[in-house]
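[1] A predicted structure for the sequence below; I have some questions about it.
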Amino acid sequence: MGFFDKIKSVLSGFKKIDEDLYEELEETLILADIGVESTEQIMQSLRQTVKEQRTDDPQSIRDFLKQIIFELLDGEHMEETYPRVILVMGVNGVGKTTTIGKLAHYYQKLGKKVILGAADTFRAAAIDQLEVWAERTGSGFVRHQEGSDPAAVVFDTLAAGKSRGSDVIICDTAGRLHNKKNLMDELAKIARIISREYPDAESECLLVLDATTGQNGVNQAREFKSAGDVTGIVLTKMDGTAKGGIVIAIKNELEIPVRYVGFGEGIDDLKPFDAREFTDALFE
Ligand SMILES: Nc1nc2c(ncn2[C@@H]2O[C@H](COP(=O)(O)OP(=O)(O)OP(=O)(O)O)[C@@H](O)[C@H]2O)c(=O)[nH]1
């Protein structure tokens, strides 16, 4: 049962808006991975709206909730500029490599020239897998040996991207969280290299999270955010969960916008996040 079905079944069990209704709603939001903090905030806005509208009809709550959630999620809409450098981070298994492949394809479809850099040098298999995506998407590719310095890979990818006139340079970076100090140092070094070597490029730092991991994903975001500058989230495996609430928790509690959502294993299964579309789908 999806998010709105649950809300609907809560609402249909009540004839008027009372404390019991609020309590059940609150529980439903928390179970949808929205997080305690955001849920409390939503409930407060909802109570306020109900009061202002002087209504007693449980059915009116649907539209109020939808509007409140939309406003929480709707951020600024910025035009992308090129060249741009995109660092992609995320722990093993969240779909990082697949996401980079999909992103490369997304930009190719926009007519952009793309190059990929394998700066997550921890596992040879991951480097090989990224190379497969580079071939599949017709992107340039830069790799070093397993275990080499990630920052050196980024350096070479920037140089190659500049000389080949790439519009979009995507680097696969850190996938490990267990040593925060190392992660921080690695990300800081990479950030320095980008601002020194390619100051004209717009850069962004995307963290890939698996939507099916719920609150665990929120914790990963918190960790990565404290280790470096995360500018956006890619939420993968949205096809595998009805708990889209993680989007709200991340945007509201960590103030990191969700930039893309992944909804399948195919190359086209990625799209920019759209607050209106997302909220509509939630309440379908
Ligand atoms: N259903 C679904 N599966 C996905 C999505 N994104 C990635 N996957 C699958 O998730 C699995 C892990 O994806 P990878 O891209 O290999 O993940 P990774 O984070 O690079 O992980 P490692 O290679 O293990 O480090 C693969 O089977 C992907 O096909 C998605 O949006 N939906």
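    Okay, I see it.

[2] For the stretch 151-284 of the chain, what lies in contact range of the ligand?
    Contact residues (C-beta under 6 Å from any ligand atom) of the stretch 151-284 of the chain with the ligand: 175, 236-237, 239-240, 262-265, 269. Any C-beta I mention is one placed from the backbone N, CA and C, and that applies to glycine too.

[3] again, 5 Å this time
    Remark: the part of the stretch 151-284 of the chain in contact with the ligand comprises 236-237, 239, 262, 264-265, using C-beta under 5 Å from any ligand atom.

[4] Tell me the buried residues within those.
    Buried by 16 or more other C-beta atoms under 10 Å: 236-237, 262, out of these.

[5] got these as a markdown table, with distance to residue 210 and secondary structure columns?
    Formatted as a markdown table, those follow (distance: C-beta to C-beta, whole Å; DSSP: H, G, I helix; E, B strand; the rest coil):
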| residue | distance to residue 210 | secondary structure |
| --- | --- | --- |
| 236 | 6 | strand |
| 237 | 5 | coil |
| 262 | 9 | strand |
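
[6] Contacts only, for the nearest residue to residue 228 once chain neighbours are set aside.
    Once flanking residues are discounted, residue 228 sits nearest to residue 187: 3.6 Å by C-beta to C-beta, 6 or more residues apart in numbering. Residues near residue 187 by C-beta atoms under 8 Å, 6 or more residues apart in numbering: 87, 89, 173-174, 205, 227-229.

[7] Can you show me the helices along the chain?
    Counting by DSSP state H, one finds helices in the chain at the ranges 3-12, 19-31, 36-53, 60-73, 96-109, 124-137, 150-164, 180-197, 215-227, 246-254, 275-282.

[8] between the ones you listed, which one is nearest to residue 117?
    helix 150-164 (2.9 Å; C-beta to C-beta).

[9] model confidence over that closest one, on average?
    Across helix 150-164, pLDDT averages out at 97.

[10] CA atoms only for it - export them in PDB, please.
    This file holds the C-alpha atoms of helix 150-164, laid out as PDB (Å, rounded to 0.1, in the frame of the first residue of the first chain):
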ATOM      1  CA  PRO A 150      41.800   9.400  -6.200                       C
ATOM      2  CA  ALA A 151      42.900  13.100  -6.500                       C
ATOM      3  CA  ALA A 152      45.400  12.200  -9.200                       C
ATOM      4  CA  VAL A 153      42.600  10.500 -11.200                       C
ATOM      5  CA  VAL A 154      40.500  13.700 -10.800                       C
ATOM      6  CA  PHE A 155      43.400  15.800 -11.900                       C
ATOM      7  CA  ASP A 156      43.900  13.700 -15.100                       C
ATOM      8  CA  THR A 157      40.200  13.600 -15.800                       C
ATOM      9  CA  LEU A 158      40.000  17.400 -15.600                       C
ATOM     10  CA  ALA A 159      43.000  17.800 -17.900                       C
ATOM     11  CA  ALA A 160      41.500  15.300 -20.400                       C
ATOM     12  CA  GLY A 161      38.100  16.900 -20.200                       C
ATOM     13  CA  LYS A 162      39.500  20.300 -20.800                       C
ATOM     14  CA  SER A 163      41.600  19.300 -23.800                       C
ATOM     15  CA  ARG A 164      38.800  17.300 -25.400                       C
END
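
[11] can you list contacts of it?
    Counting by C-beta under 8 Å, 6+ apart, 83, 85, 87, 113, 115-121, 140, 142-144, 166, 169, 171, 173-174, 186, 189-190, 193-194, 197-198 sit against helix 150-164.

[12] Also stretch 17-27?
    Outside stretch 17-27, the residues that reach it (C-beta under 8 Å, 6+ apart) are 7, 10-11, 13-14, 39-40, 43, 46-47, 50, 55-58, 61.

[13] any idea which of the residues you listed is closest to residue 215?
    residue 39 (12.1 Å).

[14] Double-check residue 212 against residue 237; I have them as touching.
    Yes. Contact criterion C-beta atoms under 8 Å: residue 212 and residue 237 qualify, at 5.1 Å.

[15] who touches both of those two?
    With C-beta under 8 Å, 6+ apart as the test, residue 212 and residue 237 reach no residue in common.

[16] how far does stretch 192-204 stretch from start to finish?
    Across stretch 192-204, the terminal residues are separated by 13 Å (C-alpha to C-alpha, to the nearest Å).

[17] in it, what's buried?
    Result for stretch 192-204 [16+ other C-beta under 10 Å]: buried residues 193-194, 198, 201, 203.
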